[in-house]
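Trainee: Okay, sequence plus prediction incoming.
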Amino acid sequence: MVKKKAAAAPKKKGATKRTAGKRAPRKRSDGGGTARATATRPSSPAADSRDEIGRIDRELLGMIQKRAKLVERLGMLVRSAGGLEAPNIEEEIAPVVAQSRGPLPKQVVRAIFRELVSGCSSLVRPLRIALLGPLYSYSHLAAIERFGQNVEFVPVGSIAAVFEALGPPGRALRRLTDRQARTRLAGFRHRYVTGDDVAGLLAGARRAVAAHGSLGAAFAAGLAPGDADVVPALARFAALLHGGRKNYLLPDPALGSACKRWMLYLRWMVREDAVDLGLWQGVSPALLVVPLDTHMHRVALRLGLTARKTPDLRAARETTAAFRLVRPDDPVRYDFALTRLGIRRDRQSDAFFAACAGGQGTVR
């Protein structure tokens, strides 16, 4: 039996194998087995700008991940050398923010880099930060401003938790051994400060009091006749307290840090007025150095007291030298008032700086 050949389907009128002058749109798979036609988006200034923004975003993402890997590698190297410390995010980002030139305000640039540094640091050493208040309180918001959001926030009742663990301060200083203090403070943390740091501070204070009778006498013993300021004596005092063991509460000015907490403590103990206590009589206020934090540094820059973009020890000394021209006997006299101007961001502070720039203001 011979099979009949099937008749070919009739061609549509006007159809050819290839349409003259036109090419059929090429089809490609969208990855799900469905073919779709590609179309070229018409070019326009807005479309070109969007494409450029997308390209920059991809480049930024690649650079951010590259930075994170470098921080991880650096963290492993430093940890193996036994020198891993909690980062000071504000000091780390300050030089970058100071170099910012462009439409973005510096507070926006600061917020971006704060989260970047916080996130990268958490890959190396996750932080637990104690809050003196509940979540979303002022304390919590201030901690976010300081440390970013890539940390674990732990609400606590108050800093009195330290004394609840140790007992009355005087008794703890006299009777607790180093081991007892470290055991009772195990697990304590407030911001960057650990229970080990507090126990180490107590141990150092005990050594200083045993050797000199008081902390003030111990500090004064480190002063030399030729010292231009308190920095050399502070380095000796810090070494006496930490005993060669790293302690976040006892920074060494020899490493170049402004040591703001140290300088503020010395201001309280040496000066005597309505603000400061003046409990140490053996140290001259003329030797003090301005406690330079980010707020005072902002004021110093705007007044032209220093040109350094980083709030380090050199910037603190330059700022102090400028005040010493006005009050050589008491160069940190203006710290308390001027720091408030650095914190405030309103028209009154702007008017003050404008008056100083125009020579209309006087310092008294």
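Mentor: All right, it came through fine.
Trainee: ok now the host helix or strand of L338, how far from the chain's centre?
Mentor: With elements delineated by DSSP states H and E, L338 resides in helix 335-343, which encompasses its position. A distance of 19 Å separates the centroid of the chain from that of helix 335-343, by Cα atoms, centre = their mean, to the nearest Å.
Trainee: neighbouring contacts of that helix?
Mentor: Residues from elsewhere that reach helix 335-343, judged by Cβ atoms under 8 Å, 6 or more residues apart in numbering: 267, 275, 290-291, 293-299, 349, 352-353. Every C-beta, even on glycine, is put in place using the N, C-alpha and C of the backbone.
Trainee: any idea of the mean pLDDT in the longest helix anywhere in the chain?
Mentor: Ranked by residue count under DSSP state H, the longest helix found in the chain is helix 45-80. What helix 45-80 shows for mean pLDDT is 90.
Trainee: Flag every buried residue along that helix.
Mentor: 68, 71, 75 (16 or more other Cβ atoms under 10 Å).
Trainee: So, low pLDDT: which residues of this protein?
Mentor: Within the chain, the stretches with pLDDT under 70 are 1-42, 80-88, 128, 130-133, 138-139, 156-173, 186-187, 189-191, 345-348, 357-364.
Trainee: And the strands in the stretch 251-364 of the chain?
Mentor: Along the stretch 251-364 of the chain, no segments are classed as strands by DSSP state E, counting those that start in this stretch.
Trainee: next one: the stretch 51-200 of the chain
Mentor: So, for the stretch 51-200 of the chain - with DSSP E, counting those that start in this stretch - the strands run 128-132, 152-156, 189-190, 193-194.
Trainee: Now find how far off-centre the last one is within its chain.
Mentor: A distance of 16 Å separates the centroid of the chain from that of strand 193-194, by Cα atoms, centre = their mean.
Trainee: Parallel or antiparallel, which strands does it pair with?
Mentor: strand 189-190 (antiparallel) (DSSP bridges).
Trainee: again, but for the second one
Mentor: Under the criterion DSSP bridges, strand 152-156 sits next to strand 128-132 (parallel) in its sheet.
Trainee: just the buried members of the contacts of helix 335-343?
Mentor: 267, 290-291, 293-299, 349, 352.
Trainee: Using CSV, lay out these together with distance to R101.
Mentor: Supplementary listing: these in CSV, determined by distance: Cβ to Cβ, whole Å:
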residue, distance to R101
R267, 35
V290, 28
P291, 29
D293, 24
T294, 19
H295, 22
M296, 24
H297, 19
R298, 17
V299, 21
S349, 23
F352, 25
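Trainee: Let's see which of the contacts of helix 335-343 end up in helices.
Mentor: Under the assignment DSSP H, those contribute 267, 294-299, 349, 352-353 to helices.
Trainee: Output these as JSON lines; include the columns distance to S214.
Mentor: Supplementary listing: those in JSON lines, determined by distance: Cβ to Cβ, whole Å:
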{"residue": "R267", "distance to S214": "18"}
{"residue": "T294", "distance to S214": "33"}
{"residue": "H295", "distance to S214": "32"}
{"residue": "M296", "distance to S214": "29"}
{"residue": "H297", "distance to S214": "32"}
{"residue": "R298", "distance to S214": "36"}
{"residue": "V299", "distance to S214": "34"}
{"residue": "S349", "distance to S214": "40"}
{"residue": "F352", "distance to S214": "40"}
{"residue": "F353", "distance to S214": "42"}
